[in-house]
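what's the 3D shape of this:
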Amino acid sequence: MSNTSSIPVLRGSRNTVLRVDGEELTLRQGKQEYGIPLAAVARVHARQRAVEVTLKAPEGTAPASHRVEGVSEAAAIAFADAVTALLPPAVEGAPAIDGAALVVTRAAEPESATPIETFWRRVKWILWGSVLAIVAMCVLVSFVAHPVLIVFALITGVIGFPFAGAVALLLPDHLDRWLLPRRGITVIADYAHGAVGPNGYLYGDLDGNTWKYVDRSGRLRIEVSYDPRNPGKAVRADGRGKWWEAFILGTAAAVALFFLFGFCALPFLGEELMGPTP
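Sure, this is the predicted structure:
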């Protein structure tokens, strides 16, 4: 079997993606996906920053084609050469193939985000939400209170929102430290001796799948509790370190509440407190 892992994945304009999946080309265009068997492809041609996939057609019929534009020129050439090498050889005397009839059209499944992608997406939303809230408060206090309070809006917002964001990001994982040992499934995780990276342990779920868990205890075996709905999410069953994490998160939450309370109270501090505006 040919190795297709080194063939580039082409991401073009208009949310178009073309890749090799086993014995077919998968073309994703918006909410639709086309499965193009390699046996249906007549040729793949790279033209500068575009790749055109031409399908086989009976004699006298104009061949259908699919085109991906806006890709890297080097990637386009490498993709075309690699796919051309995968195409089955033509057989003399074989009946003509209508490649368009072999193409399967299906609804494109949404690409699931990885935990790291989800984390950074949340960081981005928290960051932009914090900036907008601080700007809005600065404008508000400049009209309904005293312009000097803009300084306090910046101080309380710049301190309060990062602490609140950190608590919001870390709290779900911390709650798992408390809930999974009670509601999850507890199994033994064996030290992998560097096979899955430093401090890596391996454990299995009820379906026979093997998952990685990272722990710095140095023990040969530890007990972990995993979520049966998401077996890749696991925590130490003995809850080691959860009290220290609770203290840190509690302190961060207290700091966030203190500064955000002051932040929200700024519009109610009128000229009686700050003195009349000159």
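
how about the strands in the chain?
Ranges of strands in the chain, per DSSP state E, are 10-12, 16-21, 24-29, 32-37, 41-47, 50-55, 65-69, 104-107, 185-191, 200-204, 210-214, 221-227, 230-236.

identify the residue nearest Leu27 in space, chain neighbours excluded?
Leaving aside its chain neighbours, Leu27 sits nearest to Tyr34 (4.3 Å; criterion: Cβ to Cβ, 6 or more residues apart in numbering). Bear in mind the C-beta positions are built from the backbone N, C-alpha and C, glycine included.

now swap in Gly232 and tell me
Trp211 is the one closest to Gly232 (Cβ to Cβ, 6+ apart), at 5.4 Å.

now do the same for the nearest residue to Leu269 once chain neighbours are set aside: its pLDDT.
For Leu269, ignoring the flanking residues on the chain, the nearest one in space by Cβ to Cβ, 6+ apart is Ala145 at 5.5 Å. pLDDT recorded at Ala145 is 82.

and Lys212, how far from Ala189?
For Lys212, the distance to Ala189 (Cβ to Cβ, to the nearest Å) stands at 9 Å.

give the contact list for the residue nearest to Gly232.
For Trp211, the contact set (Cβ atoms under 8 Å, 6 or more residues apart in numbering) comprises Leu202, Tyr203, Gly204, Asp205, Tyr226, Pro231, Gly232, Ala234.

name whatever forms a beta bridge with the fifth one.
According to DSSP bridges, the partner residues bridging Tyr226 are Ile185, Ala234.

I'd say it and Lys233 touch.
Yes - shown here, Tyr226 and Lys233 form a contact pair, counting by Cβ atoms under 8 Å, at 6.3 Å.

more neighbours: which of these two?
Under the criterion of other Cβ atoms under 10 Å, the comparison of Tyr226 against Lys233 puts Tyr226 first, with 25 against 17.

so who does that one touch?
Leu180, Gly184, Ile185, Val187, Tyr203, Asp205, Trp211, Gly232, Lys233, Ala234.

next, count neighbours for the residue nearest to Leu269.
By other Cβ under 10 Å, 21 other residues sit near Ala145.

and what of the one 3 residues further on?
Look at Val148: counted by other Cβ under 10 Å, it has 13 neighbours.

what do you get for the one 10 residues further on?
Taking other Cβ under 10 Å as the criterion, the count of residues near Val158 is 14.

read off the pLDDT value for the residue nearest to it when sequence neighbours are not counted.
Spatial nearest neighbour of Val158, chain neighbours left out: Ile134 (7.2 Å); criterion: Cβ to Cβ, 6+ apart. Per-residue pLDDT puts Ile134 at 96.
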